[in-house]
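Engineer: how would this look folded up:
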Amino acid sequence: MKKNVIFLLLADLIWGAAFVAQRTGGDVVGAYSFNSIRNIMGFLVLLPILLIGRRRKAQQPLQTGKIILGGIICGTALFFASNLQQLGITMGSSVGKAGFLTACYILLVPIFGLVLGKKTHWNVLIGVFLALIGLYFLCMTEGSFRVQTSDILLLLSAVSFAVQILAIDHFAPQVDAIFLSALEFLVCGIESAIPMFLFDIAPAPQSWLHVMTSWEAWIPLLYAGICSSGIAYTLQTAGQRGLHPTVASLIMSLESVFSILFGWLLLHERLSSREIAGCITIFVAVTIAQLVPSEKDRITEPA
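Structural biologist: Sure, this is the predicted structure:
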């Protein structure tokens, strides 16, 4: 097995387990606090890599204006995507279900691309149709169709992730990718700090400070900030070198499968047979949607 594939599988493992960290950490410190601290921590993790890389590329122009614009746009999209996802998980969605609903962004990216004049393919249309079937099974409750609030938030998160991916696809070829990612994390962390102060801290500041002194808060925060944002990003960057983009994106879509496994192993979550059928159907839809025939139609995952 190529080391590139191993790097991407390790990134999948880290991102899959991050759903567990989001569930446990978000329940303790609050959704906005978790995302604000996590993203600022991700920025700090990338900072030394950023400085070392810049020192080696000192002769290359930095394109500050494009990096700032890209960081603000990508960071704002990530703000909506990550907080909607975190709220959906905090409101009771299982980590496995959250992983699969979020994975729908891979289907939405080529659809949104149509607005930008990019062609779509038969496999995407089949993927969308199968995803709708999968969502029906996932949202079925006691024999009747009922979309819960957490489901809506997670689907809106998938929409926001699709916007974020398109923004990254636009800016990444023009600027230093690590600079762009670091600024994206910083912008998301700062923007998340506003609702953090309004909704997490202001109602009970002493209680919030007390919670922030516990390992129950910091263990998932450290995992999400260091591993999910910092290490997994580096693994993704290294893993995609030398691999066909279609193969790489297919491997990375396994993140949603790992979210199910970690939810089962660590949180003892159980899915009904209907929900399992929905997850399998969406995974098949995601896989089919990845089978694009050219480099131009490449779809990448958020770090």
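Engineer: low pLDDT regions in the stretch 1-150 of the chain?
Structural biologist: 1, 54-62, 106, 118-120, 124, 138-146 (pLDDT under 70).
Engineer: Which stretches in this structure count as helices?
Structural biologist: Counting by DSSP state H, one finds helices in the chain at the ranges 3-29, 31-56, 64-90, 95-102, 105-115, 122-139, 149-171, 177-195, 205-211, 215-222, 232-239, 245-252, 255-267, 273-289.
Engineer: Just want the angle from the second one to helix 3-29.
Structural biologist: Right, the one you point to is helix 31-56. Between helix 31-56 and helix 3-29, the angle comes out at 140 degrees (axes from the mean of the first three to the mean of the last three CA atoms, to 10 degrees).
Engineer: cool, the fifth one as well?
Structural biologist: Using the same axes, to 10 degrees, the inter-axis angle of helix 105-115 relative to helix 3-29 is 100 degrees.
Engineer: and what of the fourth one?
Structural biologist: With the same axes, to 10 degrees applied, the angle from helix 95-102 to helix 3-29 works out at 110 degrees.
Engineer: Just the residues contacting helix 95-102, thanks.
Structural biologist: For helix 95-102, the external contacting residues (CB atoms under 8 Å, 6 or more residues apart in numbering) are 16, 19-20, 22-23, 85, 88-89, 93, 134-135, 138, 151, 154-155, 157-158, 161, 255-260, 262-264, 267, 269, 271, 275, 278-279, 282-283. Where C-beta positions appear, they are placed from N, C-alpha and C, glycine not excepted.
Engineer: redo that, cut-off 6 Å
Structural biologist: 19-20, 23, 85, 88-89, 154-155, 157-158, 256, 259-260, 263, 279, 282 (CB atoms under 6 Å, 6 or more residues apart in numbering).
Engineer: returning to that earlier point: redo the helices of the chain as CSV? Include mean neighbour count.
Structural biologist: Converted to CSV, the helices of the chain look like this (neighbours: other CB atoms under 10 Å):
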stretch, mean neighbour count
helix 3-29, 22
helix 31-56, 20
helix 64-90, 21
helix 95-102, 28
helix 105-115, 20
helix 122-139, 19
helix 149-171, 20
helix 177-195, 22
helix 205-211, 12
helix 215-222, 18
helix 232-239, 21
helix 245-252, 20
helix 255-267, 20
helix 273-289, 20
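Engineer: Nearest to residue 123 among the contacts of helix 95-102?
Structural biologist: residue 282 (14.9 Å; CB to CB).
Engineer: Tell me how far that closest one lies from residue 223.
Structural biologist: For residue 282, the distance to residue 223 (CB to CB, to the nearest Å) stands at 25 Å.
Engineer: for residue 271, same thing?
Structural biologist: From residue 271 over to residue 223 (counting by CB to CB), the distance is 23 Å.
Engineer: For those two, indicate the residue with more neighbours.
Structural biologist: Between residue 271 and residue 223, counted using other CB atoms under 10 Å, residue 223 has the larger neighbour count: 21 against 18.
Engineer: Which residues are in contact with the nearest residue to that one once chain neighbours are set aside?
Structural biologist: Spatial nearest neighbour of residue 223, chain neighbours left out: residue 21 (4.6 Å); criterion: CB to CB, 6 or more residues apart in numbering. For residue 21, the contacting residues are 220, 223, 224, by CB under 6 Å, 6+ apart.
Engineer: For the last one, give me its contacts.
Structural biologist: Under the criterion of CB under 6 Å, 6+ apart, the contact list for residue 224 reads 18, 21, 38.
Engineer: Out of those residues, the closest to residue 232 would be?
Structural biologist: For the contacts of residue 224, the residue nearest residue 232 by CB to CB is residue 18; the value is 7.9 Å.
Engineer: Show me the two of the contacts of helix 95-102 that sit farthest apart.
Structural biologist: 20 and 155 (20.9 Å).
Engineer: can you list contacts of stretch 192-204?
Structural biologist: 30, 32, 33, 35, 36, 79, 208.
Engineer: 10 Å instead, please
Structural biologist: 29-40, 75, 78-79, 82-83, 86, 189, 205, 207-212 (CB atoms under 10 Å, 6 or more residues apart in numbering).
Engineer: Now for the closest residue to residue 162 other than its chain neighbours: which residues touch it?
Structural biologist: Closest residue in space to residue 162, ignoring its immediate chain neighbours: residue 108 at 3.8 Å, by CB to CB, 6+ apart. Each residue near residue 108 by CB under 10 Å, 6+ apart is listed here: 128, 131, 155, 158, 159, 160, 161, 162, 163, 165, 166, 289.
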